[in-house]
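Q: With the input below, show me the fold.
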Amino acid sequence: MQPEVDRRQFLGAAAVSGAFTIVPRHVLGGQSFVAPSDKITVGYIGCGTQGMRELVTMLPIPDIQVVAVCDPVKDSNEYIEFSKGGVLKSIQNLLNKPDWRAGAPGAPGGRGVGKEVAETYYAQSRAAEKFRGVNAYADFRELLAKEKDLSAVKVMTPDHSHAAILIAAMKQGKHAIVHKPIANRLEEAKKVFEVARQSRVATYFMPYGRPSLNQVRDWIRDGAIGTLREIHNWTDRPYWPQFSALPTGRPPIPEGFDWDLWLGPSVDRPYHPNYTHTMFRGWYEFGGGAIADMGHYSLWPVFTAFNLPAPVTVESTGSFDYEVADLVSRRVRNDWSFPMASSVRFKIPAHDNWPDIDLYWHDGGMKPPAPRELDDDNRQLPSTGLLFIGDKGKILDGRIIPESRMIAYAGPGAAAAPARGGGRTPAAQDPAGALADWIRACRGGPQSPGNFLNAIPLTEAVNLHAVALRTGRKLQYDSSRMSVTNVADAGKYLTRQYRPGWEI
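A: Next comes the predicted model:
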């Protein structure tokens, strides 16, 4: 297979048309200018809803040049999004083309869209540089084989293919950025961490960059709420349908969609749209549930500020469905998808002068009991939040409650710690700033604090939630071996069944 447009052909066409002119560097000037030879060349893998949202934020970063895009979908306007027209509007704003694909039925996506957006933006913003066209691939393995001048990859695919792409790229010495999760199987994550250590490439896990919880930690160390006992984090997600049964229909595969490549390492199954696009998040095989979607963002600063190790026990509970068959109402036995709502308790062992801590995650509208302290302020728990419970008080979303205790402790002008549970990463507002440490690491500097290896305990916890849900058992976990020690059936949920040729 040949890339759909060769960069040399693109450059040649540009030269003929006079669209691009090489200008001496001193003429270009400006603090933000980065010579083309100094840019980090990126293969952008995954051009779906979230992929296009992130591409729009990456293209303007002066230090980065997207040289190739990859997606098994060629071109589609049927991606699902959380706000009507949001992805389309962001592309139109980037390109300064308010009529670009106006009236499209859904979010635009696919490698053709990624290529068009990148080339159009660069033609507008970097016309004075020695600009090269962007190649498009359906298969990430072909991209890695053919893009000889590639520095790094950014992985924005469904969760089940993260590990396969990261491992292949890092083994070739490519720096790597990945959306959450690092992998949706613990054994795959373990292999990603091993390759990251061995290759020593610069890695970056996108949930990094949330506001610090160091102020909250320091308040607790100072005795503001007594001895820390519990931490609760919750979200109103999932924002997508969760299915209690496998789809039975056999709709045709959309034109331009390579279903085989989308499945990647997963075993063969018939195509169905309920698996794809945003829907993948709810399936055990393809996604990681609400905790993988949003828990990485809100729990990363918790794990970082309190230096949390991996849990030693994990207990998960979830909602369930009933169905009537043969005039009998029976519970649906579902080992395919995450429940609509779930809670999990992670027992974090004593460490660094912290006692044992119960860390809770709640999703699908589940929350901890509302603290009585909120009655004093005539408040309710928000739809997403982060609550620290000590034996002498509580901190909700970066503020001691009730407000009278906050004022008594820190004074009437005390500001809240800037952290909430379940919100989005600020990287979308300042992508260049969020990636600054990673960019320096790519150029030989120290690893970013957002590197993969700093996410090991968090990755263990997130993946173990699904294992506990599927086994229905309280898990005993040995982090030194990354293994569940008390439930024999848990092993099959730590890895996946691979299609031949896709083994990791």
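Q: Now do residue 488 against residue 278, distance only.
A: 35 Å (Cβ to Cβ, to the nearest Å). C-beta here means a position set from N, CA and C on the backbone, and glycine is covered the same way.
Q: out of these two, which sits in the more crowded spot?
A: residue 278 (21 against 9; other Cβ atoms under 10 Å).
Q: shouldn't that one be in contact with residue 242?
A: No: counting by Cβ atoms under 8 Å, residue 242 is not a contact partner of residue 278; they are 11.9 Å apart.
Q: Relative to the centre of the protein, pull out the residue lying furthest away.
A: Of all residues in the chain, residue 327 has its C-alpha farthest from the mean position, at 43.5 Å, by Cα atoms, centre = their mean.
Q: got the end-to-end distance for stretch 289-303?
A: 19 Å (Cα to Cα, to the nearest Å).
Q: no wait, stretch 231-248
A: Note: stretch 231-248 ends 41 Å apart using Cα to Cα.
Q: Low-confidence stretches in the stretch 101-250 of the chain?
A: Scanning the stretch 101-250 of the chain for pLDDT under 70 picks out 130.
Q: That one: helices as residue ranges?
A: Ranges of helices in the stretch 101-250 of the chain, per DSSP state H, counting those that start in this stretch, are 111-125, 140-146, 162-171, 186-199, 214-221.
Q: Please spell out which residues along the last one are buried.
A: The one in question is helix 214-221. 215-217, 219-220 (16 or more other Cβ atoms under 10 Å).
Q: Would you mind giving those as TSV with distance to residue 290 added?
A: Shown next, in TSV, are these (distance: Cβ to Cβ, whole Å):
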residue	distance to residue 290
215	27
216	23
217	25
219	28
220	27
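Q: where do the helices sit along the stretch 301-450 of the chain?
A: Using DSSP H, counting those that start in this stretch, helices in the stretch 301-450 of the chain cover 373-376, 403-410, 431-434, 436-442.
Q: Any idea which of those gets closest to residue 272?
A: Each of the helices of the stretch 301-450 of the chain has some distance to residue 272 by Cβ to Cβ; the shortest is helix 431-434, at 34.0 Å.
Q: if you average pLDDT over that closest one, what comes out?
A: Averaged across helix 431-434, the pLDDT comes to 75.
Q: what packs against it?
A: Applying 3 or more Cβ pairs under 8 Å, 6 or more residues apart in numbering; DSSP states H and E, we find helix 431-434 packed against no helix or strand.
Q: contacting residues around residue 458?
A: Neighbouring residues of residue 458 by Cβ atoms under 8 Å, 6 or more residues apart in numbering: 296, 299-300, 303, 308.
Q: so it sits in a strand?
A: No: with DSSP: H, G, I helix; E, B strand; the rest coil as the criterion, residue 458 is located in helix rather than a strand.
Q: Could you measure from it over to residue 188?
A: For residue 458, the distance to residue 188 - Cβ to Cβ - is 15 Å.
Q: coming back round to it: could you dump the contacts of residue 458 to CSV with neighbour count, pLDDT and distance to residue 494?
A: Formatted as CSV, these follow (neighbours: other Cβ atoms under 10 Å; pLDDT from 0 to 100; distance: Cβ to Cβ, whole Å):
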residue, neighbour count, pLDDT, distance to residue 494
296, 25, 97, 19
299, 26, 97, 20
300, 23, 96, 22
303, 22, 97, 20
308, 22, 98, 21
